[in-house]
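K.L.:
following is a predicted model, sequence given first.
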Amino acid sequence: GAGVSQTPSNKVTEKGKYVELRCDPISGHTALYWYRQSLGQGPEFLIYFQGTGAADDSGLPNDRFFAVRPEGSVSTLKIQRTERGDSAVYLCASSPQGLYTDTQYFGPGTRLTVL
Amino acid sequence: AQSVTQLGSHVSVSEGALVLLRCNYSSSVPPYLFWYVQYPNQGLQLLLKYTSAATLVKGINGFEAEFKKSETSFHLTKPSAHMSDAAEYFCAVSYIIQGAQKLVFGQGTRLTINP
């Protein structure tokens, strides 16, 4: 596709459940990022992939959060034992190489609601 | 540490009036700076970016921003507001840590246009 896509657009789950959020980056982009955006806030960095490897996962809040990018394209953010505080919009972005001056292109996000 | 402060969480202007959205940054290295716009239920879209070339940067939709090192500012302006400019605007600073590009966002400014 022409841009970054994310599925689902909305996800409602119950506390304690497991969820997976998918990101399909722009074709050819080696860098992929996950962010979390809470209401009224700017996006906060979660994890960065360069190719298949997680180059920086320092933003993941705890070990309930995990992300993979097995073939260097599509990525999945996985959240175990969801809590109400996990409710937010999860944004994915990709950039050509992850360089200092690169532009990150964002997807429309997945709105996660934990009841 | 790198940080961004956006002065004013809400800005309201009349249609046709000047738009001024303020952004101040803190960076220990020469910064690369970005402005993104977010329309309701959409992802972030790049408006413009400063990457150490010209200090006055022109972006899409008639927006421009001026990098002022002495003031550590990167304010966004548009001479004449249009109803379609109503959105959330985010300023971000880019830096490299351990080989990975990171974006740090401000908290955002919601722009309202009055007819």
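P.N.:
That came through, no problem.

K.L.:
for chain B, which residues are neighbours of chain A?
P.N.:
Contacts of chain B with chain A, taken as CB under 8 Å from any CB of the partner chain, map to B:4, B:9, B:32, B:34, B:36, B:41-46, B:49, B:51, B:90, B:92, B:94-108. Quick note: C-beta positions are derived from backbone N, CA and C, even for glycine.

K.L.:
show the buried residues in the residues you listed.
P.N.:
For these, a burial check counting by 16 or more other CB atoms under 10 Å in any protein chain shown picks out B:4, B:32, B:34, B:36, B:43-44, B:46, B:49, B:51, B:90, B:92, B:94-95, B:100-106, B:108.

K.L.:
among the residues of chain B next to chain A, which lie within strands?
P.N.:
With DSSP state E as the criterion, strands contain B:4, B:32, B:34, B:36, B:44-46, B:49, B:90, B:92, B:94-97, B:100-105 from among these.

K.L.:
in chain B, what helix or strand scores lowest on average pLDDT?
P.N.:
Least confident helix or strand, chain B: strand B:100-105 with a mean of 86, by mean pLDDT, DSSP states H and E.

K.L.:
sheet partners, orientation included, of it?
P.N.:
strand B:87-97 (antiparallel) (DSSP bridges).

K.L.:
which residues are contacting the partner strand?
P.N.:
A:42-43, A:56, A:100-101, B:2-4, B:6, B:21, B:23, B:25, B:27, B:29, B:31-40, B:44, B:47, B:74, B:76, B:101-106, B:108-111 (CB atoms under 8 Å, 6 or more residues apart in numbering or on different chains).

K.L.:
quick one: low-confidence residue ranges for chain A.
P.N.:
Applying pLDDT under 70 to chain A picks out residues A:1.

K.L.:
which parts of chain A sit against chain B?
P.N.:
A:4, A:31, A:33, A:40-45, A:48, A:50, A:55-56, A:91, A:93, A:95, A:98-109.

K.L.:
for chain B, what is the nearest residue in chain A?
P.N.:
For chain A, the residue closest to chain B is A:Gly42, as judged by CB to the nearest CB, at 3.2 Å.

K.L.:
cool, thanks, talk later.
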